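**Q** Next one to model:
(one chain, ligands or ions: 2)
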Amino acid sequence: MIETAMESDLARILVNADAIDKRLDELGETITNHYQSNGVEELTLICITNGSIIFAADLLRRINMYARVDCVRVSSYQNEDSPITEPEIIDQIRLDLTGRHVLLVDDILDTGKTLEKLVMILQTFEPQTLETCVLLEKQGRRQCRYEATYVGFKIPNEFVVGYGLDFAERYRNLPHIGVLRPELQNPPEWQ
Ligand SMILES: O=P(O)(O)OC[C@H]1O[C@H](OP(=O)(O)OP(=O)(O)O)[C@H](O)[C@@H]1O
Ligand SMILES: Nc1nc2[nH]cnc2c(=O)[nH]1
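**A** Ligands and ions are numbered 1, 2, ... in the order given. Next up is the predicted model:
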């Protein structure tokens, strides 16, 4: 197959499209079995946009039970007085979550701040259960104790793109997950 310009921007592929496909089959089955064996008839899946849209869409079609879906948009804002960024919800969830079985889905667990903050916020709606699923868990970067319930792949501490994950809004549509060539990780024209 001919390599696209986008694919040739990768220094290496960490997880290829076939491996993603296979792991999603396993995750879909594990999640479906877990809820069904606990007598749950309907799931409420909340996707953190934008990064999780591709993962969530593919996972959702492997979850074989009734499912409602909503999205939550999160921005990592920077406080004027501090270099530390904090995630903040900038578009509210519209579905009711009280008494529901909620599965929060994101593409990557890195410092853990996004998932930790969202779990804290979603708990205030008093769901019956609240679990989390991430495609990638980056090693060696955690700044909080948060662990996801379901993890697709554990990856090394590198900045990755593809399958929903961007660099300067590019590469979300790559079918694989990979690491950019070093000279492309900070091009001046994208600053
Ligand atoms: O564990 P953390 O360190 O909090 O990082 C994880 C978050 O970072 C990315 O979002 P980003 O803010 O890049 O936005 P995006 O989803 O629109 O790409 C990613 O999609 C996760 O939501
Ligand atoms: N694209 C991308 N976004 C992230 N957000 C947190 N970690 C990462 C990463 O490795 N890649």
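**Q** Give the other helices and strands that the helix or strand where residue 86 lies contacts.
**A** Using DSSP states H and E, residue 86 falls within strand 85-91. Where contact means 3 or more C-beta pairs under 8 Å, 6 or more residues apart in numbering; DSSP states H and E, strand 85-91 is packed against strand 66-78, helix 113-123. For the C-beta atoms, the positions are set from N, CA and C on the backbone; glycine is no exception.
**Q** After that strand, which helix or strand is next?
**A** Following strand 85-91 in sequence, per DSSP H and E, is strand 101-109.
**Q** Just checking: what are the partner strands of that next one?
**A** strand 42-49 (parallel), strand 129-138 (parallel) (DSSP bridges).
**Q** nearest to residue 59, of the ones you listed?
**A** strand 129-138 (7.0 Å; C-beta to C-beta).
**Q** Residues in contact with the closest one: which ones?
**A** 15, 20, 27, 31, 40, 52, 55, 59, 101-110, 115, 119, 122-123, 148-158, 160, 163-165, 177 (C-beta atoms under 8 Å, 6 or more residues apart in numbering).
**Q** Can you flag the buried ones in those?
**A** Buried residues within the contacts of strand 129-138, counting neighbours by 16 or more other C-beta atoms under 10 Å: 15, 20, 27, 31, 40, 52, 55, 59, 101-110, 115, 119, 122, 148, 150-153, 155, 160, 163-165, 177.
**Q** What is the three-state secondary structure of residue 23?
**A** Under DSSP: H, G, I helix; E, B strand; the rest coil, residue 23 falls in the helix class.
**Q** Say whether ligand 1 is contacted by stretch 124-139.
**A** No. For stretch 124-139 and ligand 1, the contact criterion (C-beta under 6 Å from any ligand atom) is not met; the two come no nearer than 7.7 Å.
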